[in-house]
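K.L.:
sequence isn't available, so here's the structure alone:
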């Protein structure tokens, strides 16, 4: 009746040694993970705040286009003048 007890004791000691070996190898990674996650969260918050502060006015300035710049010019944009100029010798 002592055989199962001795096998259990030997199994427990071997299991504890294996767990100790695994922790010896992976403990630095397990300890570094919370620091990495905290640093990554801080980086994401900082980057999000910086992107939220960037607005169109910040990139383009406070310049407002004039009416002539903002108005559509279908004839000038379509190339009709260039086609008419190339087909005739006088300006339109």
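P.N.:
In hand now; what should we look at? No experiment lies behind these values; they were computed from the predicted model shown. Residues are numbered from 1 along each chain as shown.
K.L.:
which stretches of this structure form helices?
P.N.:
Using DSSP state H, the helices found in the chain span residues 3-53, 56-60, 67-70, 74-78, 80-87.
K.L.:
okay, those in JSON lines with mean pLDDT and mean neighbour count next?
P.N.:
(Each C-beta comes from the backbone N, C-alpha and C, glycine too.) Putting the helices of the chain into JSON lines (pLDDT from 0 to 100; neighbours: other CB atoms under 10 Å) gives the following:
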{"stretch": "helix 3-53", "mean pLDDT": "85", "mean neighbour count": "10"}
{"stretch": "helix 56-60", "mean pLDDT": "58", "mean neighbour count": "8"}
{"stretch": "helix 67-70", "mean pLDDT": "75", "mean neighbour count": "7"}
{"stretch": "helix 74-78", "mean pLDDT": "66", "mean neighbour count": "9"}
{"stretch": "helix 80-87", "mean pLDDT": "69", "mean neighbour count": "11"}
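K.L.:
which residue would you name as the spatial centre of this protein?
P.N.:
With the centre of the chain defined as its mean C-alpha position, the nearest residue by CA atoms, centre = their mean is residue 44, 8.4 Å away.
K.L.:
for residue 23, see how far away that residue is.
P.N.:
For residue 44, the distance to residue 23 equals 30 Å [CB to CB, to the nearest Å].
K.L.:
next: residue 5.
P.N.:
Applying CB to CB to residue 5 and residue 23 gives a distance of 27 Å.
K.L.:
kindly report the same for residue 9.
P.N.:
To residue 23, residue 9 is 21 Å away according to CB to CB.
K.L.:
what does residue 16 give?
P.N.:
With the distance defined as CB to CB, residue 16 ends up 10 Å from residue 23.
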